[in-house]
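Visitor: predicted structure and sequence below. I'll ask about it afterward.
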Amino acid sequence: MAASFYALSSRATTWMLLSTLASSFLMAASAGNFYNDVDIIWGQEKVEILNNGNDLTLNLDKSGGSGFQSKNEYQFGKIDMQIKLVPGNSAGTVTAYYLSSKGEKWDEIDFEFLGNVSGEPYTLHTNVICQGQGAREQQFHLWFDPTVDFHTYSILWSPERIIFYVDDIPIREFEKMENLPFPENQAMRIYSTLWNADDWATQGGRVKTDWSYAPFTASYRNFNADACVWSNGASSCNSNDPSTGWSSKPWVWQRLDDGKRGQMKWVQDNYMIYDYCKDNKRFSQGLAPECTRAK
């Protein structure tokens, strides 16, 4: 990709690198095992679990894509995954990484990585769906090439807020508001899929998938879920024991301090390319209530 696009000031590069290194160290210390943690749900022949369960790859070719889901369902938690995206000409492909429940009125928290032609940046698409109602998209470019190395993509989902992180840098916060839908009553699994979406993914579908570059491969490692497991209608966090209950989970109390808010503002000012809260043309009848909430 063009070096100029990813160029940062010396100061910004330094704190971004330190955050990335810290995030990578923490992930390495607490990573799970794909043999134990996920089930293959699609394209079994196109999924490889490698390195004794520490690594996983999804593949896409003209015959179809592939995907996996977590064995556990969760109700609140901090979910981390390190991903290296499809390199080269990835136009038309989507690597999705998200939490989702089931049913007509499902909840969902999305990272979707929309591929592009060689030399052009990926689009990171985020969304929050509450009871089947979405249209809360924010999109970003990234300040690095996500195909060269692994980077950590995290979802913090607490009873009060959802925070999207890239290498421990917050890029988006969605807070609970009184009398408005919020994903809180349905347990969700983590999913990731690699699939062809060339009818819309790259430049609105104008650029199609070039199958001469197939197979397309996305790589994963260091899946970690510090979360409340939902099983048989009950949460593992519904305990009066302070060692296992809500109070033992640091993400329950996590808020963005001034430093983290500064990081998020930097990302949104420099790398956000779409915000539903600023799309008056699309939402001519009025923006969503959360868009007018004072920060």
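Guide: Looks like it arrived, so ask away.
Visitor: show the pLDDT at the most centrally placed residue in the chain.
Guide: For the chain, the residue lying nearest the average C-alpha position, counting by Cα atoms, centre = their mean, turns out to be residue 111 (3.2 Å). Looking at residue 111, its pLDDT is 98.
Visitor: then the one 10 residues further on?
Guide: With respect to pLDDT, residue 121 has a value of 96.
Visitor: dihedrals phi and psi, it?
Guide: In this entry, residue 121 is assigned phi and psi values of phi -80, psi 150 (degrees, to the nearest 10).
Visitor: just the strands from the stretch 101-250 of the chain, written as ranges.
Guide: Under the criterion DSSP state E, counting those that start in this stretch, the stretch 101-250 of the chain carries strands at the ranges 108-114, 123-129, 138-140, 151-157, 161-166, 169-175, 189-196, 216-231, 234-235.
Visitor: now do the last one, average pLDDT.
Guide: Along strand 234-235, the predicted local confidence has a mean pLDDT of 89.
Visitor: ok, that strand: who's next to it in the sheet?
Guide: The sheet places strand 234-235 alongside strand 216-231 (antiparallel), with pairing taken from DSSP bridges.
Visitor: in this protein, which spans are helices?
Guide: Along the chain, counting by DSSP state H, helices occupy 3-6, 10-30, 34-37, 258-271.
Visitor: who touches the residue nearest to the centre of the chain in this structure?
Guide: With contact taken as Cβ atoms under 8 Å, 6 or more residues apart in numbering, residue 111 is in contact with 96-98, 124-126, 153, 155, 164. Any C-beta I mention is one placed from the backbone N, CA and C, and that applies to glycine too.
Visitor: and for residue 147?
Guide: With contacts defined as Cβ under 8 Å, 6+ apart, the neighbours of residue 147 are 84-88, 90, 122.
Visitor: output the below-cut-off pLDDT ranges for the protein.
Guide: Along the chain, the model assigns pLDDT under 70 to residues 1-31, 239-247, 294-295.
Visitor: please redo it, this time with the cut-off set to 90
Guide: By pLDDT under 90, the weakly predicted segments of the chain are 1-32, 179, 203, 234-250, 252-253, 292-295.
Visitor: how much space between the closest residue to residue 130 other than its chain neighbours and residue 128?
Guide: Using Cβ to Cβ, 6 or more residues apart in numbering and skipping residues adjacent in sequence, the residue nearest residue 130 is residue 181, 3.5 Å away. With distances defined as Cβ to Cβ, to the nearest Å, the gap from residue 181 to residue 128 amounts to 9 Å.
Visitor: more neighbours: which of these two?
Guide: residue 128 (24 against 16; other Cβ atoms under 10 Å).
Visitor: no further questions, thank you.
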